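**Student:** I would like to see how this sequence folds:
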Amino acid sequence: MLKNPATKYVPFVPFQKDFAERTWPSKRITQPPIWMSTDLRDGNQSLIEPMSVERKLRFFEKLVEIGFKEIEVGFPSASQTDFDFVRKLVDEDRVPDDVTIEVLTQSRDDLIARSIESAVGARRAIVHLYNACAPAFRKIVFNMSRDEVKEIAIRGTRLIKELTAKHPETEWVFQYSPEVFSTTEPEFALEVSNAVAEEWQPTPERKMILNLPATIEATTPNLYADQIEWMHRNLARRDSIVLSVHPHNDRGTAVAAAEFAIMAGADRVEGCLFGNGERTGNVDLVTLARLTVDANDGVVGATEIGRVDGQIGHLPHRVGLLLGKTLFDGILVRARKSGEDEIAHIGMTRMHGQLVAEFHRAAHDVDVGKVEPRMNALGVEVQSKGDEVDVTGALAIAEQAAFYAVGARHDGKL
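**Tutor:** Modelled structure (predicted):
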């Protein structure tokens, strides 16, 4: 074993120089991005036991109820279950008119054809094409040159254009991801993205989605933001592109990366409820959405989300922890908004810290099945009180919710 493992690795450097013209640090987030849930695809890939068609349908219906307008529903070319699920949504007319489903495919002819087949007949569908562009993939996995890798993306785009033209009954939206964008040379990522856009020919009225994933979160969030802003400022058809990001959480900073990316010009964020997802997880949309969701509305929303994520996604420990914390955070924000005095603020903040610590100590004791009814009732109670929630009432409700969530040891607190 190496005495100093740090000598084996060198830090990843996305840019050879510092782009001093960056403007994102001075920006503020004033409106929410387009939200895209990938719980049914990326999130499903993280589960020991992938969801069945029935479980996926329950999850899809909850995502629709929550308010998502774009939902990645599967990887139909990789799984018969995913293909059958997408067909069920389309054939049984289960997708609301204001919701767009999305299917993911690698840039291979047979997989593209299968993916489009799964979505034919939908009112509106996004076909999400990707291929890896980073140096390690070009050299080690594909043994291909830059031009060869770019041609894979162009050829896949051309085939999607041809196949979707045969089914005008569906409004097709094209999305492209230069996979492993976060470790791809910016100039090459731009070259491939512009070539794909040139092939698809988007317009301001018929935009395509360009998704720039941190497939591997190899840098601090500010460097990812630099990459996003550089692409935002240099894309050839920026007015015809919805710029999307897909932050993974290898370094534990996906939420910050998403925030900075929005400041840097991103229009859209892909992620999962509570941050689950393949490998190290995706950006936590529940946490990220606190930027733009009213705290009172978010209380009930979070308990509902957690109930479904815990039951269908089989994530009881993390969800139980977050249910209580999210509920308390919402109450804390509301009490602060109500203009209570500084002493009350300090008291609530101290209680908040104590509860968070308790969540962490007892996370593995959480039983979502027991927590669910009480948490939901408390969320409704808080919402019904509206602006009348005072510090005393908020503390009482938060304490009940929090200590109930960490198990039977605190039954006396109820």
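
**Student:** show me where the stretch 151-300 of the chain has helices.
**Tutor:** Secondary structure of the stretch 151-300 of the chain (DSSP state H, counting those that start in this stretch): helices located at 186-200, 221-234, 254-263, 285-289, 295-313.

**Student:** give me the helices and strands touching the first one, please.
**Tutor:** Helices and strands in packing contact with helix 186-200 are listed as helix 146-165, strand 171-179, strand 208-214, helix 221-234; criterion 3 or more C-beta pairs under 8 Å, 6 or more residues apart in numbering; DSSP states H and E. Yep, even glycine has a C-beta here, placed from its N, CA and C like the rest.

**Student:** just put those in TSV and tack on mean neighbour count, distance to G252 and mean pLDDT.
**Tutor:** Below are those laid out as TSV (neighbours: other C-beta atoms under 10 Å; distance: least, C-beta to C-beta, whole Å; pLDDT from 0 to 100):
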stretch	mean neighbour count	distance to G252	mean pLDDT
helix 146-165	17	30	98
strand 171-179	23	22	98
strand 208-214	25	12	97
helix 221-234	21	10	95
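
**Student:** and of those, who's closest to I71?
**Tutor:** strand 171-179 (13.0 Å; C-beta to C-beta).

**Student:** just checking, what packs against that closest one?
**Tutor:** strand 124-132, helix 146-165, helix 186-200, strand 208-214.

**Student:** got the angle between the first one and strand 171-179?
**Tutor:** Between strand 124-132 and strand 171-179, the angle formed by their directions is 20 degrees, by axes from the mean of the first three to the mean of the last three C-alpha atoms, to 10 degrees.

**Student:** give me the contacts around strand 124-132.
**Tutor:** For strand 124-132, contacts defined as C-beta atoms under 8 Å, 6 or more residues apart in numbering pick out 70, 72, 100-107, 112, 115-116, 119, 138, 141-142, 149, 152-153, 156-157, 160, 164, 170-180, 209, 211, 215.

**Student:** ok, now stretch 145-158?
**Tutor:** Under the criterion C-beta under 8 Å, 6+ apart, residues 105, 107-108, 112, 129, 131-133, 137-138, 142, 144, 174, 176, 178, 188, 191-192, 195-196, 199-200 lie in contact with stretch 145-158.

**Student:** quick one on the thing from earlier: okay if I get the helices and strands packed on helix 186-200 as a markdown table plus distance to V255?
**Tutor:** As requested, the helices and strands packed on helix 186-200 are exported to a markdown table (distance: least, C-beta to C-beta, whole Å):
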| stretch | distance to V255 |
| --- | --- |
| helix 146-165 | 29 |
| strand 171-179 | 20 |
| strand 208-214 | 12 |
| helix 221-234 | 9 |
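
**Student:** the ones you listed: which one's closest to A258?
**Tutor:** helix 221-234 (8.4 Å).

**Student:** out of the contacts of stretch 145-158, which end up buried?
**Tutor:** By the neighbour-count criterion of 16 or more other C-beta atoms under 10 Å, these include these buried positions: 105, 107-108, 112, 129, 131-133, 137-138, 174, 176, 178, 188, 191-192, 195-196, 199-200.

**Student:** out of the helices and strands packed on strand 171-179, which comes closest to V245?
**Tutor:** Among the helices and strands packed on strand 171-179, strand 208-214 comes nearest to V245, with 5.6 Å by C-beta to C-beta.

**Student:** residues contacting that closest one, please?
**Tutor:** With C-beta under 8 Å, 6+ apart as the test, strand 208-214 has contacts from 126, 128, 130, 173-182, 189, 193, 196-197, 200, 202, 224, 227-228, 231, 235, 240-248, 254, 257, 266, 268, 270.

**Student:** can you rerun that using 7 Å?
**Tutor:** 126, 173-177, 179, 181-182, 193, 197, 200, 202, 224, 228, 231, 240-248, 257, 268, 270 (C-beta atoms under 7 Å, 6 or more residues apart in numbering).

**Student:** repeat that for stretch 174-186.
**Tutor:** Stretch 174-186 is contacted from outside by 12, 14-15, 126-134, 137, 153, 157, 160, 189, 192-193, 196, 200, 208-219, 224, 227, 230, using C-beta under 7 Å, 6+ apart.

**Student:** one more: stretch 90-108?
**Tutor:** Under C-beta under 7 Å, 6+ apart, the answer for stretch 90-108 is 41, 64, 69-77, 86, 89, 111-112, 115, 118-119, 121-131, 152-153, 156, 173.

**Student:** what of stretch 35-53?
**Tutor:** 56, 59-60, 63, 68, 70-75, 81, 84-85, 88, 104, 268-273, 276-278, 281-282, 285, 312-314.
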